[in-house]
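Colleague: predicted model follows, preceded by the sequence.
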Amino acid sequence: MPLTPTEPKKRFSVVVIGGGIGGLAAAIGLRLSGQTVTVIELREKYLGQTGGARQGLNQTANSYTCLYALGLEEPFHKFADNGDHIKMRRYSDGTVIKAIHKKKRYSKLHREDLLRILYERAVEVGVEIITNETFESIEDTQQHVRVQLQSGRTLQPDLVVGADGVHSKVRKSIPSTKDITASPTGDCVFLVNVPKSVMAKQPSTAALYKSGEDPFHFTVGPGRCIVSWTITIRELYHLQICDFQYGDGKAYGLAEKDDSPLVSTFTDMPALRKRWGDFDEAIRTLLDETDVCTKWRIAETPLDMPWCSPTSRIVLIGDAAHTFEPFAGQGASMAIEDATVLSCLIARASQDPSLTLADVATAYESLRRPRVDAIRAMVKANAAIFGLADGEKQAERDRNIGGEGFSVGGEGREEKGAYQGTAKWSTEEAYEFTEGYDAVKEADGYVFGREG
Ligand SMILES: Cc1cc2nc3c(=O)[nH]c(=O)nc-3n(C[C@H](O)[C@H](O)[C@H](O)COP(=O)(O)OP(=O)(O)OC[C@H]3O[C@@H](n4cnc5c(N)ncnc54)[C@H](O)[C@@H]3O)c2cc1C
C-alpha cells in the first residue's frame, strides 16, 4: 500500500505518544493512509527551539527511502549534505587510510532540522500535535485502550503507538515490559559542534570542512573513534567523539561510578583534551577551541522484549522498542523504518476489514525483529572494528577495509542474528544489506496469516 493519501474502508484512530523522529514519521504515514492521528509530545515547541542535544544525524538510503515515501524528498535535501565516500583517517597523524566509495549516497543533517521537516509535513497532512503534554496512565483492556493525559483530557483511540524514546513510559504501561529499562553499555559519545569560522583558522581544520563534498570522516584509534562531517546549512563542523572504553568515566577523572543522566552538558574540557591528546593535530585544535559539549552515555534495552501489548492496542517503535549504540548511524533510521512498516500494515488493515490489530502486531514483530537484531549485531561489530588497538589486527583492517571488507568475530561479538554469521563492514554486500532495505516493499509484500 503506497503512502499516498488514501480513503480507508475502515478508519483507525491512533494516538502517538512521543513526537520525535519515529513518532512524527509514524504520524505522517498513518495520516496519509487515512487514519485519524494525534501526537502527544513533551517538548514545548518544534520551531525555534534552542538548546537540546547538539546532534548531527547520518541518514542512509534505507532511511531516506522511507522519508521520500512520506513526501519529504525536497525538504530533506534542503537541509542535508550528501556524500558518496567515507574517508577513514588514522588517529595519530590524520593520514587517510582509505577513501571508501559507496554506491548509495548518504545524507547528513542536524537532528533539529529533521524534526522540523517532519513536524511541518505532519501539520500539512492533518496530524493533530499537542505539545507540552504527556500522559498520566494508559488503560489497556480487550475492550479498549484509554489514555489519560496530564492536562485532564481522556483519549480512547483504537491504537496507541509508543514512540517516547529510550526511557519510554509507554513501555512501562505494558505488563510484560513494565520492568525493562535501558542499561548503560559503558560507551560514551561527546558531541561537539565547531563553527565554520573557527574551522577556517588553521590549515589542518580547514581541510576537514568541505561543504557539499566528501563530508564524512572516520578517525579510528585504540578503543575510540571520531565520526565527523560538515553541516553546510548551519555552517558547522559536527564531531561525534566515541569512547568505547568510557566505562565509569575514570579516564575523565571521575572517582565514583558515573550516575549522571544519559544526556548532559559536559564542560570538563581539560579531561576530554587529556583523554584524546594522542589524536592528530586537527582534532586537538578543535578540542582546544571548544568550551562545552554534550555528553551522551549510551544505554541499551534487551532485544528479546515484546514490542506489542497482549491486546495489540499498544505498539512500541524506535528507541522505546530497541535502542542502538550509535556506531553505524542506524538508530533513527530504524525508528523511521518501524514507523513506515507500521503505517503500511495499518493501511492494509484499513483497506481490508478482515485484518485485525492482532494481525498487524504479528506482522510488525515478524518483519522488524530479524532486521533489528541483525543491525544491532552489525553496530556492535563496528565498535570492535573501529576501536582496534595498534597491532596486527589493526594493520589487517587498514589493508582490507573498503575492498574485501574486514570481519571481526569471537570475543562475544558474533552475536545472535549477526549479519551472515560474521559482522563485516564496508563491503558492498554489507552496505546492500543495511541500506538496500525498502520498508514499504517489505510491508506490502507481507503475507498475512503466514508466520514471518
Ligand atoms: C550520540 C548519538 C548519535 C546518534 N547518531 C545517529 C545517526 O547518525 N543516525 C541515526 O539514524 N541515529 C542516530 N542515533 C540514534 C537516534 O538518535 C535515535 O535512535 C532516535 O532519536 C530514536 O528516535 P525515537 O523517535 O524513537 O526517539 P527520540 O528521538 O528519543 O524521541 C522521543 C520523543 O518522545 C518525547 N517523549 C519522551 N517521553 C515522553 C512522554 N512521557 N510523553 C510525551 N512525549 C514524550 C521526547 O520529547 C521526544 O520528542 C544517535 C544516537 C546517539 C545517542
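Modeller: Thanks, I have the structure now. Numbering: from 1, shown residues only.

Colleague: biggest helix in this structure by residues?
Modeller: helix 357-386 (DSSP state H).

Colleague: so which bits of it are buried?
Modeller: Within helix 357-386, the residues scored as buried using 16 or more other C-beta atoms under 10 Å are 357, 359-365, 367-369, 371-386. (Glycine included, C-beta is placed from N, CA and C.)

Colleague: what ranges do the helices span in the protein?
Modeller: Counting by DSSP H, the helices of the chain are 21-32, 61-69, 73-79, 111-125, 196-199, 203-206, 269-275, 281-288, 331-351, 357-386, 392-400, 428-435, 439-445.

Colleague: next one: stretch 241-248, is it in contact with the ligand?
Modeller: No: counting by C-beta under 6 Å from any ligand atom, the ligand has no neighbours in stretch 241-248; the shortest distance is 7.9 Å.

Colleague: for the residue in the stretch 101-250 of the chain that the ligand sits nearest to, grab the count of nearby residues.
Modeller: Going by C-beta to the nearest ligand atom, the ligand is nearest to Gly165 of the stretch 101-250 of the chain, at 2.8 Å. Gly165: 21 surrounding residues under other C-beta atoms under 10 Å.

Colleague: you'd agree it is up against Gly19?
Modeller: No: checked against C-beta atoms under 8 Å, the pair Gly165 and Gly19 is beyond contact range at 10.5 Å.

Colleague: helices or strands up against the longest helix of the chain?
Modeller: strand 314-316, helix 331-351, strand 406-408, strand 423-425, helix 428-435, helix 439-445 (3 or more C-beta pairs under 8 Å, 6 or more residues apart in numbering; DSSP states H and E).

Colleague: who wins for proximity to Thr230 among the ones you listed?
Modeller: Thr230 lies closest to helix 331-351 among the helices and strands packed on helix 357-386, at 19.1 Å (C-beta to C-beta).

Colleague: enumerate the residues of the stretch 301-450 of the chain near the ligand.
Modeller: Residues of the stretch 301-450 of the chain lying near the ligand (C-beta under 6 Å from any ligand atom): Gly318, Asp319, Ala320, Pro326, Gly329, Gln330, Gly331, Ala332, Ser333, Ala335.

Colleague: now those residues in JSON lines, with distance to His77?
Modeller: What follows is these, written out as JSON lines (distance: C-beta to C-beta, whole Å):
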{"residue": "Gly318", "distance to His77": "23"}
{"residue": "Asp319", "distance to His77": "26"}
{"residue": "Ala320", "distance to His77": "29"}
{"residue": "Pro326", "distance to His77": "23"}
{"residue": "Gly329", "distance to His77": "18"}
{"residue": "Gln330", "distance to His77": "20"}
{"residue": "Gly331", "distance to His77": "22"}
{"residue": "Ala332", "distance to His77": "17"}
{"residue": "Ser333", "distance to His77": "17"}
{"residue": "Ala335", "distance to His77": "20"}
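
Colleague: most widely separated two among those residues?
Modeller: Longest span within these, C-beta to C-beta: Ala320 and Gly329, 19.3 Å.

Colleague: okay, these two: which has more neighbours?
Modeller: Per other C-beta under 10 Å, whichever of Ala320 and Gly329 has more neighbours is Ala320, with 30 against 22.

Colleague: all strands for the stretch 101-250 of the chain, in order.
Modeller: Along the stretch 101-250 of the chain, counting by DSSP state E, counting those that start in this stretch, strands occupy 128-130, 135-140, 145-149, 154-155, 159-162, 183-195, 216-221, 224-231, 236-243.
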